[in-house]
Structure formats: structure tokens, C-alpha cells
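>>> A structural model of the following input is requested.
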Amino acid sequence: MYLALFSGPNHSMNQKREMFKVFKVELRLNQGQKRFQYLNSCVLLYQAAFKGNWKEAKAPLDLYPHMVRDPITEGGDTALHIAAATNHPNFVRELLKLMKKEELEIKNKYGQTALYLAAASGNVIIAEEMVEKNNKLTLTHIESGKRKFTPLHIAALLGHREMVSFLFAETSFEYLSPEERIELLVATISNDLFGMSHLSMIVSLSQLIYNAIASFDVLREILIGHE
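So this is what the prediction gives:
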């Protein structure tokens, strides 16, 4: 429509310039309204996730389906991060129905996945739902300086026994470095996780660490022998 107005033979150059200015103003207003509507929907989704109210989450998600994976806080948290941190398993379950499994690996600005926050909160039901959809989540790390933490590690540090038991069974220790295994063993012992359900984990970690040290010693002997 605007193109036809600009190209009409009965308009002077000045008229066309004025009309183009009006068009640009209207375009900016339209874009501003859309942005306001989107940001308002982010707020509504955040509030719904924080309260665990799925009914309230439907309106913003129906309007913006991609918002299920979008960051909705300044810290880069998605709705899944918020629901996991605030212990709302039913809300999480509904979100997961709308998400691709790789979208569960999205990290916030602090490098945290939603599973990491679930591990920190100790909600095993939420962790089970996430790991069932994407079992790679157990090996995602958050880095703090030179140290790396898996969800299992943070659960052990915070003394969440049931979470530690669940994540221990789901974590592939062969992919953890010797340093990570030692850190995990120390966290387990430091938080008195000595129940029978955790004994096998302590034994397994100790064996993995022993094997890693033994392999290093053998390699060192081989290298010395070639000097």
C-alpha cells in the first residue's frame, strides 16, 4: 500500500518525503508495540513458571511458541530454569512436552542448565523428567574458575542424598577427569553420604581414581625407561 502511495504520479517529491516519514514513524511504533507485547509475555511466563501455574503459562506460549526456549530473565534463565529452581515438577513436565531434547542443554549466563538447578534444589522428580528426555545432561558442566562441576557434584556438595543416588546411577564416570572424580569423592565424604545406597558410589569413585593414578604411574615408568 505504502509503495503505491510513494510511486503515484500525482505526488510531488516533498509530499513523498513527508509520506515516507509518516511510514517510518508508524513502522517504529509498530515495532515498539510488538517488542512491548513480547516483553510483557516474558514477564507473564516468568510469573507463571515461578508459581508453577501452567494455565497462566499457556497464553504467552500460545502467542510465542519459541518462548519455551527463550531467555526470560536478565540472567538468561528460560522458563525451565525458573520452574526447576522453584520446584514445580508438573510445570516442568508440561514444558518438556513442548521442547526438543537439545533445548534442555540451554545454559543461563552463569553456565547453568535447568538440571543443574534441579540438582541444587534437590527435586528428584524434576531431575528424572529431564534426564529421561536427555541423558546427556548429567555430564554438562558449570565452570567456576579452573574447577568444573557436574549436577551430581553440586548435589553432593549440598548433601542432597536422594538426588546423589539418582544422578550417580545416571552419570557415566568414564567421561569425568581424575580431578573431577577426586572432587566428587571429597564432596561425598565431606557431607557424610555414607549410607548403603552411596557406598557403591564411594567404592566406584575410589577404584576409578586408583586406576587413573596407577595408569599414570605405569606411563611415567615407561617414559623414564626411554630416557
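>>> Check the gap between residue 98 and residue 69 for me.
Here residue 98 is placed at a distance of 9 Å from residue 69 (CB to CB, to the nearest Å). To be clear about C-beta, it is placed using only N, CA and C from the backbone, and glycine gets the same treatment.
>>> Return the residues in contact with the nearest residue to residue 79 once chain neighbours are set aside.
Using CB to CB, 6 or more residues apart in numbering and skipping residues adjacent in sequence, the residue nearest residue 79 is residue 49, 4.4 Å away. Residue 49 makes contact with 57, 72, 79, 80, 82, 83, 86, 88, 91, according to CB atoms under 8 Å, 6 or more residues apart in numbering.
>>> can we see that at 6 Å?
In this structure, residue 49 makes contact with 79, 82, 83, judged by CB atoms under 6 Å, 6 or more residues apart in numbering.
>>> For residue 113, grab phi and psi.
The main-chain torsion angles of residue 113 are listed as degrees, to the nearest 10 and equal phi -90, psi 170.
>>> burial count for residue 193?
The number of residues packed around residue 193, counting by other CB atoms under 10 Å, is 21.
>>> with the contacts of residue 49 in mind, which one is nearest to residue 38?
Relative to residue 38, the closest of these is residue 79; by CB to CB it sits at 14.2 Å.
>>> from memory that closest one sits against residue 45, does it?
Yes. Here residue 79 lies in contact with residue 45, judged by CB atoms under 6 Å, at a distance of 5.4 Å.
>>> between these two, which one's more packed in?
The neighbour count for residue 79 versus residue 45, taken as other CB under 10 Å, is higher for residue 79 (30 against 25).
>>> gap between the more buried one and residue 141?
Spatial separation of residue 79 from residue 141 under the definition CB to CB is 23 Å.
>>> try residue 77
Computed with CB to CB, the distance linking residue 77 and residue 141 is 18 Å.
>>> which of the two has more neighbours?
Neighbours per residue, other CB under 10 Å: of residue 77 and residue 141, the larger number sits with residue 77, 24 against 17.
>>> what's the pLDDT at the more buried one?
pLDDT recorded at residue 77 is 96.
>>> Apart from its neighbours in sequence, what residue is nearest it?
For residue 77, the closest residue by CB to CB, 6+ apart turns out to be residue 108, at 4.8 Å.
>>> Number of residues surrounding the one you found?
By the criterion of other CB under 10 Å, residue 108 has 20 neighbours.
>>> Could I get the contacting residues of it?
Counting by CB under 6 Å, 6+ apart, residue 108 makes contact with 75, 76, 77, 81.
>>> Could you work out the end-to-end span of stretch 97-111 for me?
The stretch stretch 97-111 measures 24 Å between its terminal residues, going by CA to CA, to the nearest Å.
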